[in-house]
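> The sequence and its predicted three-dimensional model are supplied below.
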Amino acid sequence: MQVGRPNSVKLRIAETCVGTRALGPGLRSVAWVQGCPFHCQGCIAPEWIPREPAREVDPADLAAELLSHPGVCGFTFSGGEPMSQAAGLAQVISVARQQRDLTLICFTGYRLAELRARPPGPGVTDLLAQTDVLIDGRYVAAYNDGRGLRGSTNQRIHFLTGRLADAEADLSDGPRRAEIRLRDRSALLVGVPGPGVSAAFDLATAGRTGDAAR
């Protein structure tokens with residue numbers, strides 16, 4: 001299928017993972033954006049907070065990358081702060097859904113009510129309209145109970161559509177999964193780590209350039 005690229009913007013992408021079961025139900029592809037306005041203490045990916053140069057990707061190209069595994073049935077957007085690049089991410093899921101029926105889970109440090117009342121940038125309303133599950137609120141390390149897909153219990157899981165309603169128990173309180181993807185000179189931790197997991201990952205990957213990803 002030929003996919004157009006109307007008014008595309010470039011996305012700053014910290015990492016991607018194609019085909020994981022650690023960040024939502026089914027086989028999913030994940031995009032972590034670079035840059036975040038929050039500085040949550042204990043953030044598991046502090047290197048993705050600064051708005052520094054990262055891989056710049058056209059939304060249509062990122063959609064194709066995330067769809068490269070034929071079994072992928074959903075996307076998960078995290079970071080960094082996805083709402084800081086909402087317009088580009090909204091294009092990604094829109095283009096991808098022209099080719100495949102997908103669910104979308106999106107993390108954000110903002111509260112849903114805040115996003116609706118005072119969108120922090122362009123494209124937020126469009127991205128929310130395409131999101132099936134939104135996990136909102138800033139990460140608080142002291143409230144990380146090792147359960148569910150949210151990083152800490154102060155965060156809320158909003159089912160904006162009914163498409164993932166049957167996964168509510170797992171997303172809210174189910175056991176967490178984690179995967180380690182080895183690269184040439186780095187290792188990527190995929191999942192929402194429980195207490196102590198990030199430290200164990202750092203110890204196990206000593207000597208590599210380690211990245212942790214939720």
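Ah, there it is. Numbering: from 1, shown residues only.

> use CA for all of it now, contacts and neighbours both
Fine.

> give me the low-pLDDT residue ranges for this protein?
For the chain, the stretches with pLDDT under 70 are 1-8, 195-214.

> what's next to the lengthiest strand in it, contact-wise?
In the chain, taking DSSP state E as the definition, the longest strand is strand 11-20. Strand 11-20 is contacted by residues 27-35, 48, 53-59, 65-69, 71-72, 79, 85, 88-89, 179, 190 when judged by Cα atoms under 8 Å, 6 or more residues apart in numbering.

> After that strand, which helix or strand is next? Please name it.
strand 28-33 (DSSP states H and E).

> Name every strand pairing with that following strand and say which way it goes.
Strand 28-33 sits in its sheet next to strand 11-20 (antiparallel), strand 74-78 (parallel), going by DSSP bridges.

> just the ones you listed: most buried one?
strand 74-78 (a mean of 26; mean count of other Cα atoms under 10 Å).

> coming back round to it: report the buried members of the contacts of strand 11-20.
Buried subset of the contacts of strand 11-20 (neighbour count, 16 or more other Cα atoms under 10 Å): 27-35, 48, 57-59, 65-67, 72, 79, 85, 88-89, 179, 190.

> Show me which residues of stretch 141-161 are buried.
Buried residues in stretch 141-161, counted by 16+ other Cα under 10 Å: 141, 144, 146-153, 155-160.

> what's the offset of it from the middle of its chain?
Centroid separation between stretch 141-161 and its chain, computed with Cα atoms, centre = their mean, to the nearest Å, is 14 Å.

> what's the answer for stretch 85-97, then?
Counting by Cα atoms, centre = their mean, stretch 85-97 comes out at 13 Å from the chain centroid.

> And stretch 157-173, by the same measure?
Using Cα atoms, centre = their mean, the mean C-alpha position of stretch 157-173 is found 16 Å from that of the whole chain.

> Same check on stretch 47-65?
Offset of stretch 47-65 from its chain centre (Cα atoms, centre = their mean): 12 Å.

> can you give me the strands in this protein?
Per DSSP E, the chain carries strands over the ranges 11-20, 28-33, 55-57, 74-78, 103-107, 133-136, 156-159, 178-182, 186-191, 209-213.

> Of the ones you listed, which is nearest residue 113?
strand 133-136 (9.8 Å; Cα to Cα).

> who touches the closest one?
In contact with strand 133-136 (Cα under 8 Å, 6+ apart) are residues 104-112, 150, 155-161, 164.
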